[in-house]
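Participant: here is the input, now give the coordinates:
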Amino acid sequence: MIASFDPSVILKDLFFEAITAANPEKCLPHNLPLQPRGKTLVVGAGKASGMMAKVVEEQWNSEISGLVITPYGYGVNCNRIEIIEGGHPLPDSAGLRAARRIYQLVQKLDPHSTIIALFSGGGSSLLTMPANNITLAEKREVNLSLLRSGATIKEINCVRKHLSKIKGGQLAKVARCTRIITLAISDVAGNDLSAIASGPTVPDNSTYRDARQILHNYKVKLPKAVSEYLEAAEEETPKLGDPIFDNNEIHIIATPSESLSAAAKLGKKLGFTVFSLGDKIEGEAHIVGKKHAQLALTCKIGQGPVAPPCILLSGGETTVTVNGQGCGGPNTEYLMGLMFELQGAHGIYSIACDTDGIDGTKDNAGALVFPDTLTRAEKLNIDPRVFLERNDSFSFFSKLGDLVYTGPTFTNVNDFRALVICP
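Facilitator: Numbering: from 1, shown residues only. Purely as a prediction, here's the structure:
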C-alpha cells in the first residue's frame, strides 16, 4: 500500500483506465474483417460510432464510403465516411434526416456488396426513423416520458424498436441479404446484441405486446397515432432464424466487463485488494448507492468480502424516476444515496461516472464523494436532501466543486463506479 496518496487521483485514474480499455483506436483494428471485393458501405450510430468510423477509414485500403450518426460534440474528421451529428437522448430532425439517408443507401446495395455496421450506446436515439404515420414529435414525447419514468434502457429500447422502421433488425431486412458485418461496443448488461443501439442489424426477441405492456406498466400517456400503431401490430420485427440474417456476422469489440477488469488490474498494481460487483447493476440510482455504501461500511470493519485497503468496482446502468425539475443523472444521484448512507465515514471515497462522458442532462461525466462531502455542504448552508428531492444532483455537486468532466470520450461501456476504502 502506498503510504501517501490522493484518493481523487486514484479514483479518476481507475475511471480513465476503464475508458481507455474501450477506446475504438485500441479495440477496433484487430476486429476488422479482411477487405472484401466489391462495394463496402459503412453505416452506424452511437457515441462511439464516429471514432469507430475514423479507425475503419484509417485501416481500410480498398474503396469505402458511408454515413454514421453520432451525438453533437462527438464528431470526428473523416475523408470517405460522412459523420453527421444528431440529438441525444432525444432524437431530432438531424438524426431523422441522416437515418433516412442510411436507409436509402442500404436499400440501393446489390447482394455482392458488404455493409460494415458500427453501433454503440446512444445509437437508438440517434438512428431515428418513426414507423408509418408517427411523427418525430410524437416519438420524442414517448421517449421523454419513458426516460423520466424510471424504465430500464432495455425496456425503453423495446418500445423504440416497435415505433421504428429501422431498429430491431429492420435495417438488415432492408439490406435484402447483403453481407453485414456488425461491430459493436456494448453498453448493456449481458452484452445483449439486440439492445445495443436497439439492434438495427440483429434479430429482435421482443414483441409489440412487450412494448404495450411496458408503456402500460409505466403509465405512459400515448399520442393517438402511437397507440393505434402499437395496437395494430401489423408486422413484427424480424426474429432469430429469419434468413435475412444468414449472411451476417457480429463482433462485440468492447464490453463493460473488460473495462472493469482493466480498472481492477490498475487497482491491484497500486496495492489494493479489488472486489468487483459486476457489470450488470441496475435499479433506482440512489437506492443502489445506499446499498453500496452499506457494503463499503462492512468492508471497513473487516466483515465484507474484502478488507481495507480495498476497492469495490461496479458497472451497469441505474435509473432515475424523475419527480423534480432539477438537473442531474443516475451517477450523481447514485452518489447522493451513497453519501447519505456513509454519513462521512472516515477513509471511504467514491467516484461514479458514465464512460461516455455525459451523465444525464448536463455535460459532466459524474462526480466524486469524500468523507467530508456532507460537512462541506453544511458549511455552505446547502441541504442535500432538498437537492435529491428535486432530482438536482448536478447542482449539488457543482456547488461543492466535485463534478468530474471529461468531454466526449468517443466510447460507451455504461456506468463506472469505484469505492476506495482505506484502513
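Participant: how's this protein carved up into domains?
Facilitator: 7-19+257-421, 24-254 (automatic domain parsing).
Participant: how about these in CSV, adding mean pLDDT and mean neighbour count?
Facilitator: C-beta: built from backbone N, CA, C; applies to glycine. Conversion of the domains of the chain to CSV gives the following (pLDDT from 0 to 100; neighbours: other Cβ atoms under 10 Å):
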stretch, mean pLDDT, mean neighbour count
domain 7-19+257-421, 96, 20
domain 24-254, 94, 20
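Participant: which residues in the stretch 151-300 of the chain form helices?
Facilitator: 153-161, 170-175, 208-217, 224-232, 256-269, 285-300 (DSSP state H, counting those that start in this stretch).
Participant: just checking, what packs against the fourth one?
Facilitator: Here helix 224-232 is seen to pack against helix 136-149, helix 208-217 when contacts are counted using 3 or more Cβ pairs under 8 Å, 6 or more residues apart in numbering; DSSP states H and E.
Participant: close enough to count as contact, Glu25 and Val55?
Facilitator: Yes - contact status for Glu25 versus Val55: in contact at 5.7 Å, counting by Cβ atoms under 8 Å.
Participant: the helices of the stretch 151-300 of the chain: which one's closest to Val420?
Facilitator: Put simply, out of these the one that sits nearest Val420 is helix 256-269, at 8.4 Å, with distance taken as Cβ to Cβ.
Participant: among the helices of the stretch 151-300 of the chain, which is nearest Gly315?
Facilitator: Shortest distance between Gly315 and the helices of the stretch 151-300 of the chain, using Cβ to Cβ, is found for helix 256-269: 4.3 Å.
Participant: how far off centre is that closest one?
Facilitator: Taking Cα atoms, centre = their mean, to the nearest Å, the mean C-alpha location of helix 256-269 is offset from the chain mean by 19 Å.
Participant: same check on stretch 393-407?
Facilitator: Distance of stretch 393-407 from its chain centroid, counting by Cα atoms, centre = their mean, is 20 Å.
Participant: and it, how far apart are its ends?
Facilitator: Stretch 393-407 has its terminal residues 19 Å apart, counting by Cα to Cα, to the nearest Å.
Participant: could you export the helices of the stretch 151-300 of the chain as TSV, including distance to Asp354?
Facilitator: As requested, the helices of the stretch 151-300 of the chain are arranged in TSV below (distance: least, Cβ to Cβ, whole Å):
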stretch	distance to Asp354
helix 153-161	12
helix 170-175	26
helix 208-217	23
helix 224-232	29
helix 256-269	11
helix 285-300	12
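Participant: out of the ones you listed, flag the one nearest Phe119.
Facilitator: Judged by Cβ to Cβ, the one of those that comes nearest to Phe119 is helix 170-175, at 9.9 Å.
Participant: which strands and helices lie in contact with that closest one?
Facilitator: Taking 3+ Cβ pairs under 8 Å, 6+ apart as the contact definition, the neighbouring helices and strands of helix 170-175 are helix 93-107.
Participant: sorry, back to before: to Val226, which of the helices and strands packed on helix 224-232 lies closest?
Facilitator: Among these, helix 136-149 comes nearest to Val226, with 5.5 Å by Cβ to Cβ.
Participant: partners of the closest residue to His88 other than its chain neighbours in the sheet?
Facilitator: For His88, ignoring the flanking residues on the chain, the nearest one in space by Cβ to Cβ, 6 or more residues apart in numbering is Pro71 at 4.2 Å. Beta-bridge pairing of Pro71, defined through DSSP bridges, involves Gly86.
Participant: run through the residues that contact Pro71.
Facilitator: Shown here is Pro71, whose contacts under the criterion Cβ atoms under 8 Å, 6 or more residues apart in numbering are 47, 85-88, 122, 126, 408.
Participant: sounds good, over and out.
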